[in-house]
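Student: Provided below for reference: sequence and predicted model.
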Amino acid sequence: MLNITRNILPELLKEFDLPQVSILLGPRQVGKTFLLKELARTAKKRGLRFSYYNLELPGDNLKFNQDMAGVYKMLTANTDVIFIDEFHYYPNISKLFKAIYDSNQKIKIFASGSSSLEIHKHLKESLAGRRLVTRINPLTLTEYAQKNKIKNPAKILNEYLVFGGLPGLVQADSKENKIRLLNELLETYIQKDIKSLLKEENIRAFNNLLYLLAERQGSLISVHSLANEIGLTSRTVEKYLTLLENTYTGFSLGSYSRNIGNELKKSRKFFLYDFGIRNTLLKDFSAGRSRKDFGAINESFVFLNLLWQLRPNMELRFWRDKSG
C-alpha cells in the first residue's frame, strides 16, 4: 500500500506544542483519518501517552455511551494526547473539549470530523479561543503525482483532472474501479451527510441542484434562475449552497468591484471541491481538449489551488469586464 506524504502534515506536527484543541475538518475521504493516524504515530515515537478513538466504530462509540463526567474521566486518565476520529458522532462534544482544555492538565487533543452545520455552531459557541481548525482538502497535483509511475506531467495532470484528488482512489488499479469508488463516495455523501440535514422530499431537488452546479462550474450562476429550474424558492437554493460550503464540498466565488454594493448584486461562480466528484455527477470521464468544458476545468484547477493556499486575511474574487 502506497502512503502519500501530505503537505499539511508538518504544520499539524507543530500543533503538538500548542495547547488549543486541534480540529481537522473536511468532506469524506480527503485523508483526515490518515493524518490523525500519522499524528498518533508521532506521539508514539515521542514516548507520549495517548489514546485513539474512532467514533464511527461501534466498539469505540460504546465507550462514549455514558454521561459526560464518565467520558471526561475516561479520556483524561493517564494520557498526554487524545485522538478522536469522527468526533461529530458524540453530541455536544465541544463542551467536553472545553472542559478538558480548561482543566489545565496540559492534555493535547486532536480531533477530526466531517463538517456540518451543527459542528460549526458548537465549535464557535464552545471553543472560541480554544481551537485550531485546519481544513483538509483533496490531494494537490504534487501530492497526487507521488503515486504515479507515469513520468509524463501532462498525462498525470489529465488523469488528475478526470478522477480528482481523493486519496482513496490512489490504490484503485483501473478506470472502472475509480469510477465505482467515486459513485460510492457521492452516494455516501448524499445518503449519510445530506439526508440527515434535509427533508426526505427535498433530496431529489438537492441532487438536481448538484448536477446543475457541476454542469455550470466556472460559469456565472443566478440563484433565482437555479430556483426556477429546480422548482424551489431562491431562499431554499441559497440554503443548499450554504450547506455545500459548510460541508466544504462547494465554494462560492464572488465578483470583484470597487463598489461593495455592486459586488453583492452581481452573479457569482460556484465550484465543487473535487474533479472526480464533478465528473461523476456529469457521468463524463473523458479527458483533455475533447471536452466541451475544457476551459471550465482549467479555471477550476486554478481556483482550487489558490483556495487551498489562502490565509485568514486573504480572499478570492473573479473579475470580468462588460464584454465578458
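Tutor: Sure, I can see it.

Student: for Leu244, see how far away Leu232 is.
Tutor: Per Cβ to Cβ, to the nearest Å, Leu232 is found 14 Å from Leu244. Backbone N, C-alpha and C define where each C-beta goes, glycine included.

Student: meant to ask about Ser255
Tutor: In terms of Cβ to Cβ, Ser255 sits 19 Å off from Leu244.

Student: and the strands in this structure?
Tutor: 21-26, 50-54, 81-85, 108-114, 131-135, 250-253, 269-272 (DSSP state E).

Student: who touches Ile194 in this structure?
Tutor: Contacts here follow Cβ atoms under 8 Å, 6 or more residues apart in numbering; on that basis Ile194 touches Ile203, Phe206, Leu243, Thr247.

Student: correction: the previous question concerned Asn78.
Tutor: Shown in contact with Asn78 (Cβ under 8 Å, 6+ apart): Arg49.

Student: need the helix or strand of this structure with the lowest average pLDDT.
Tutor: Here the helix or strand of the chain ranked lowest by mean pLDDT, DSSP states H and E is helix 260-265, holding a mean of 54.

Student: related to what we said a few turns ago, who has more neighbours out of Ser255 and Leu244?
Tutor: Leu244 (21 against 17; other Cβ atoms under 10 Å).

Student: isn't the more buried one right next to Gly250, touching?
Tutor: Yes - between Leu244 and Gly250 there is a contact at 3.3 Å, judged by Cβ atoms under 8 Å.

Student: overlap in contacts of the two?
Tutor: What both Leu244 and Gly250 touch, as defined by Cβ under 8 Å, 6+ apart, is the set Leu213, Leu272.

Student: follow-up on the earlier one: in TSV, list the strands of the chain along with mean pLDDT, distance to Ile179 and mean neighbour count.
Tutor: Shown next, in TSV, are those (pLDDT from 0 to 100; distance: least, Cβ to Cβ, whole Å; neighbours: other Cβ atoms under 10 Å):
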stretch	mean pLDDT	distance to Ile179	mean neighbour count
strand 21-26	93	22	24
strand 50-54	97	28	18
strand 81-85	97	27	23
strand 108-114	92	23	23
strand 131-135	91	27	17
strand 250-253	93	21	18
strand 269-272	96	17	21
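
Student: could you dump those to a markdown table with distance to Lys283?
Tutor: Putting those into a markdown table (distance: least, Cβ to Cβ, whole Å) gives the following:
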| stretch | distance to Lys283 |
| --- | --- |
| strand 21-26 | 25 |
| strand 50-54 | 33 |
| strand 81-85 | 32 |
| strand 108-114 | 25 |
| strand 131-135 | 28 |
| strand 250-253 | 19 |
| strand 269-272 | 14 |
